[in-house]
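A.B. asks: Sequence first, then the predicted structure, then my questions.
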Amino acid sequence: MNYWLVKSEPFKYSWEQFVKDGKTFWDGVRNYQARNNLRDMKKGDRALFYHSNEGLCVIGIAEIAKEAYPDPTIDDDRWVVVDLKPVKALKQPVTLAEMKQQPGLENMGLIRQGRLSVSALTKEEYELVLKMGGTKP
C-alpha cells in the first residue's frame, strides 16, 4: 500500500461535503508532478485529506477507490483523476504548524513543496500524522 496527501480548499470542496457525497473524482490537478502522483495511485491506497488555505490541517483519511483515468472535466488527455472515498475523520485535526514542529515530518511533501496539491507520503509520515490526530490507521 502507498500513502498520499491530497489538498482541497474547504470553500471549494470540504471534508464534510466529501463525506456527504460518499465518493468523488479528484479533478482540477494541473501540475505535472501532482498529476504523476495521481497516476501512481493504486486502488486501496490511503490518502490524508488536507484543508488548504482555510484551516491548514489534515482532517481525514480517504481511500483510492478507482485508479487514474482521463479527467472528464476537460478535453485534454494529459490530465487524469482518481476516485476517492472517505474512510474516517481524524479525532482531532492536525495543523500545518504542528506538522512543521514534529520531528520525522521535515521531509514531508506538504512541508517541502507546500504548493503541490497531491504528494506522496512515507508509511512513517502517514502513521505519525494519524497518531498526532489521535487516530489509528
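C.D. replies: Nice, thanks for sending it over.

A.B. asks: Not counting its neighbours along the chain, what's nearest the residue positioned nearest the centre of the chain?
C.D. replies: By C-alpha atoms, centre = their mean, the chain has its centre lying nearest to Val6, at 2.0 Å. Distances taken as C-beta to C-beta, 6 or more residues apart in numbering put Ala47 closest to Val6, at 5.0 Å, once the chain neighbours are dropped. Backbone N, C-alpha and C define where each C-beta goes, glycine included.

A.B. asks: quick one: that neighbour and Asn2 touch, right?
C.D. replies: No. At 9.2 Å, Ala47 does not count as touching Asn2 under the criterion of C-beta atoms under 8 Å.

A.B. asks: Looking at these two, which one has more neighbours?
C.D. replies: Ala47 (26 against 17; other C-beta atoms under 10 Å).

A.B. asks: ok so that one is a helix residue?
C.D. replies: No. Per DSSP: H, G, I helix; E, B strand; the rest coil, Ala47 lies outside any helix segment and is strand.

A.B. asks: Beta-bridge partners for it, please?
C.D. replies: Trp4, Ala62 (DSSP bridges).

A.B. asks: pLDDT wise, what is it at?
C.D. replies: For Ala47, the model assigns a pLDDT of 98.

A.B. asks: residues in contact with it?
C.D. replies: 3-6, 41, 61-64, 84 (C-beta atoms under 8 Å, 6 or more residues apart in numbering).

A.B. asks: what ranges do the helices span in the chain?
C.D. replies: With helices called from DSSP state H, the chain shows them at 15-21, 32-40, 96-101, 109-112, 123-132.

A.B. asks: Quick check: closest non-adjacent residue to Leu5.
C.D. replies: Leu48 is the one closest to Leu5 (C-beta to C-beta, 6+ apart), at 4.6 Å.
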